[in-house]
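Asker: okay, predicted coordinates and the sequence, questions at the end:
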Amino acid sequence: MRELSLNVLDIAQNSIKAEASLIEIELVESTEKKELLIGIYDNGKGMNDEQVQAVTDPFFTTRTTRKVGLGIPFFKMSAEMTGGSFGIESVPGVGTKVRALYKTDHVDFTPLGDMCSTVVILITMNLGVDFIYKRSLDSKQFVVDTRQLKEILGDVPLNEPSIVSWLTDYIQENTKQLTEV
Ligand SMILES: Nc1ncnc2c1ncn2[C@@H]1O[C@H](COP(=O)(O)OP(=O)(O)OP(=O)(O)O)[C@@H](O)[C@H]1O
Ligand SMILES: [Mg+2]
């Protein structure tokens, strides 16, 4: 995949398929360490240990007829090829945490791409799911929490065009402020 934001979209879609009602997407970047952590945490149905092992290794199930997707293997590979690392923790009935750590100065580091669109698409296409989007760069951070937005908006849905454009601007503006000195 050419952009990490597309990996994030894919991993968050797994959480939606797993019937999560709350999904947190966290990006933590350190200039000094030259590292980026991407975490996607959900309260969906979770996986047992055997399932976790099966989904992280695309070859694990080659001897069986079970279909295994490539969303997680691709995400894992995108991190590991930069010299970073990858991990999944999951508890059946509780939820799943997926984390990828990237070395941002590695030649194989894939650009993040359009995270704003990814987050806006996830939020506006899944009105029944709440999202927390947290992004930090060194000591600066911003957070978008749809539970708070819904409280303020009352009956106005998050996919109302004027709200979508406000949300897009809000995320873009905050992202810009992170990188400004
Ligand atoms: N957050 C999650 N909660 C529960 N199960 C999950 C979660 N993420 C992945 N899984 C399980 O792992 C499987 C593999 O996920 P993966 O994203 O690699 O492939 P996929 O979603 O099946 O197919 P695709 O290639 O379309 O992404 C899923 O089908 C699902 O059973
Ligand atoms: Mg998937």
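Answerer: Looks like it came in fine. Numbers count the residues shown, from 1 in each chain. Ligands and ions are numbered 1, 2, ... in the order given.
Asker: could you use CA atoms for every contact and neighbour count after this?
Answerer: Fine.
Asker: anything in the helix or strand of the chain with the lowest mean pLDDT near ligand 1?
Answerer: Lowest by mean pLDDT, DSSP states H and E among the helices and strands of the chain is helix 49-56, with a mean of 88. Yes. Using C-alpha under 6 Å from any ligand atom, we find that helix 49-56 touches ligand 1 at residue 55.
Asker: just checking, what packs against that helix?
Answerer: Packing partners of helix 49-56 (3 or more C-alpha pairs under 8 Å, 6 or more residues apart in numbering; DSSP states H and E): helix 71-80, strand 85-91.
Asker: is ligand 2 contacted by it?
Answerer: No. Contact of helix 49-56 with ligand 2 (C-alpha under 5 Å from the ion) is absent, the minimum separation being 9.6 Å.
Asker: show me what counts as buried in that helix.
Answerer: 52, 55, 56 (16 or more other C-alpha atoms under 10 Å).
Asker: tell me the one of these nearest ligand 2?
Answerer: Distances from ligand 2 to these, taken as C-alpha to the ion, are shortest for residue 55 (9.6 Å).
Asker: for the closest one, give its distance to residue 161.
Answerer: Residue 55 is 37 Å from residue 161, where distance means C-alpha to C-alpha, to the nearest Å.
Asker: what's the answer for residue 101, then?
Answerer: For residue 101, the distance to residue 161 - C-alpha to C-alpha - is 35 Å.
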